[in-house]
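Q: sequence and predicted structure are below.
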Amino acid sequence: MSAPFKPAWWLRNAHLQTLWSAFFRRAPQLPRTRERLWLEDGDFLDLDWFGPHEATTPLVLVLHGLTGSSGSHYVLGLQQALAAQGWASVALNWRGCSGEPNLLPRGYHSGVSEDLATVIRHLQAARPLAPLFAVGYSLGGNVLLKYLGETGGQSGLQAAVAVSVPFRLDQCADRIGIGFSRIYQAHFMRELLAYVRRKQREFRAAGKTAQLAALEQLGELDDMRTFWDFDGRVTAPLHGYADADDYYRRASSRFFLGAIRTPTLLIQAADDPFVFRHSLPEPHELAAGTQLELHARGGHVGFIDGRWRQPGFYLERRIPAWLLEQSNAAR
């Protein structure tokens, strides 16, 4: 394991670690190239490419978290750090997250590994000579680990990293409803419900009656306050789950960890305000090639160190360095 993360003295609180970048970090401005990937069901995913174009250059797929996008600061920061290492990267926007609503009533969720599988096949075809890696944050990390467990030795990835993962979705839905974390829950609910309403308006304006009917069948949205509410009444019916319990059981990555055969690094903070300590996997649940780095502090996708005038971003040093180690070991 690398040296333990040491938080900035001025960001020692888990909530400060979690929130600082969103409010104060100036996101890198990267000249990326967007590609639209059309899916078999008629929907689309948008991919944002950055870095070298050489056919054999290592390529890293980056997966954002809930209500994020390829424009999230942690995505842009990692893409910048990978380019500095001479690597290429491509950031995936889950359905409806690229700034343009997706075309179907369904969207994305924590178990949408079928979309990830489609993207990985596409990248393998686009750059067949490039070693392929993946990094997932929060929801994106959960999807990545589920995919790795489902595919075993056929993941198509040389190595993977998952950060601040909600390993047990049911327990995390409980955790985010406690104490100050309810502030995060309220934010996510506003964003999620606003997106559903926006799609309703888009479908109505475009005369897409079948798609509109599917969303209107969800019923009244105003009284939803918790993840249990949203996932039971929106996520589950739109994505083929019986209810929130069924969704959480079938999509939680903790149940897939033992089947992973791709070298994988897990980076977690014990003070993550979204994840109970008991939600983290025990050592016996991890596959032989999986490494868990549990830091005492770091918040949720935080891990900020350095000085006030020159903050550092641990994840943007640790992840590229670890991936490089895995690449060298595979030669």
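A: Received the coordinates, thanks.
Q: for Leu103, grab phi and psi.
A: When read as degrees, to the nearest 10, the backbone of Leu103 gives phi -90, psi -10.
Q: which residues touch the closest residue in space to it that isn't next to it in sequence?
A: Nearest residue to Leu103 in three dimensions, chain neighbours excluded: Asp43, at 5.1 Å (CB to CB, 6 or more residues apart in numbering). C-beta: built from backbone N, CA, C; applies to glycine. Residues near Asp43 by CB atoms under 8 Å, 6 or more residues apart in numbering: Arg95, Asn102, Leu103, Leu104, Arg106.
Q: can you say which of those are buried?
A: Buried subset of the contacts of Asp43 (neighbour count, 16 or more other CB atoms under 10 Å): Arg95, Asn102, Leu103, Leu104, Arg106.
Q: farthest-apart pair in those, please.
A: Leu103 and Arg106 (9.8 Å; CB to CB).
Q: for the stretch 1-150 of the chain, which segments are assigned as strands?
A: Ranges of strands within the stretch 1-150 of the chain are 33-38, 44-50, 59-63, 88-93, 132-137, based on DSSP state E, counting those that start in this stretch.
Q: next, the buried residues of the first one.
A: By that I understand strand 33-38. Neighbour-count burial for strand 33-38 flags Leu37 (criterion: 16+ other CB under 10 Å).
Q: so how far is that strand from its chain's centroid?
A: Distance of strand 33-38 from the chain centroid (CA atoms, centre = their mean, to the nearest Å) equals 19 Å.
Q: output that strand as CSV - backbone C-alpha positions only.
A: Presented in CSV, the C-alpha positions along strand 33-38 are these (Å, rounded to 0.1, in the frame of the first residue of the first chain):
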residue,chain,number,x,y,z
THR,A,33,-13.2,15.6,-28.4
ARG,A,34,-16.8,14.3,-28.0
GLU,A,35,-18.0,11.1,-29.6
ARG,A,36,-21.7,10.0,-29.5
LEU,A,37,-22.1,6.2,-29.2
TRP,A,38,-25.5,5.0,-30.3
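Q: helices or strands next to that strand in the packing?
A: If you count contacts as 3 or more CB pairs under 8 Å, 6 or more residues apart in numbering; DSSP states H and E, strand 33-38 packs onto strand 44-50, helix 113-126.
Q: same thing with the longest one?
A: Where contact means 3+ CB pairs under 8 Å, 6+ apart, strand 44-50 is packed against strand 33-38, helix 73-84, strand 88-93, helix 113-126.
Q: direction included, what does it pair up with?
A: Strand 44-50 has its sheet partners listed here by DSSP bridges as strand 33-38 (antiparallel), strand 88-93 (antiparallel).
Q: so what touches that strand?
A: Under the contact criterion CB under 8 Å, 6+ apart, strand 44-50 has outside partners 30-39, 70, 79-80, 82-83, 88-95, 98, 100, 102-103, 115, 118-119.
Q: chain center to that strand: distance?
A: Relative to its chain's centre, strand 44-50 lies at 15 Å (CA atoms, centre = their mean).
Q: in the stretch 1-150 of the chain, where is pLDDT below threshold?
A: 1-2 (pLDDT under 70).
Q: now do the stretch 151-300 of the chain
A: Judged against pLDDT under 70, the stretch 151-300 of the chain has no low-scoring part.
Q: show me where it has strands.
A: Secondary structure of the stretch 151-300 of the chain (DSSP E, counting those that start in this stretch): strands located at 159-163, 264-269, 290-295.
Q: from those, which stretch is densest packed?
A: Counting by mean count of other CB atoms under 10 Å, strand 159-163 has the highest mean neighbour count of these, with a mean of 27.
Q: show me the contact partners of that strand.
A: With CB under 8 Å, 6+ apart as the test, strand 159-163 has contacts from 133-138, 141-142, 144-145, 148, 253, 262-268, 301, 315, 319, 322-323, 326-327, 330.
Q: check the residues you listed for burial and list the buried ones.
A: 133-138, 141-142, 144-145, 148, 253, 262-268, 301, 315, 319, 322-323, 326-327.
Q: you'd agree Leu323 is up against Ala134?
A: No: contact between Leu323 and Ala134 fails when scored by CB atoms under 8 Å: they sit 9.7 Å apart.
Q: look up the closest residue to Leu16, ignoring the ones flanking it.
A: Spatial nearest neighbour of Leu16, chain neighbours left out: Gly299 (7.3 Å); criterion: CB to CB, 6+ apart.
Q: now do the phi/psi pair for the one you found.
A: Torsion angles at Gly299 (phi, psi; degrees, to the nearest 10) stand at phi 70, psi -150.
Q: residue contacts, it?
A: Contact partners of Gly299, counting by CB under 8 Å, 6+ apart, are Asn13, Ala14, His15, Leu16, Gln17, Thr18, Leu19, Ala269, Asp271, Asp272, Pro273.
Q: one more pass at 6 Å, please.
A: By CB atoms under 6 Å, 6 or more residues apart in numbering, the contact set of Gly299 is Ala14, Gln17, Thr18, Ala269.
Q: biggest separation within those, which pair?
A: The farthest-apart pair in the contacts of Gly299, when distances are taken by CB to CB, is Thr18 and Ala269, at 9.2 Å.
Q: same for the top helix by length along the chain, what does it pack against?
A: Ranked by residue count, the top helix of the chain under DSSP state H comes out as helix 182-206. With contacts defined as 3 or more CB pairs under 6 Å, 6 or more residues apart in numbering; DSSP states H and E, helix 182-206 has these neighbours: helix 209-216.
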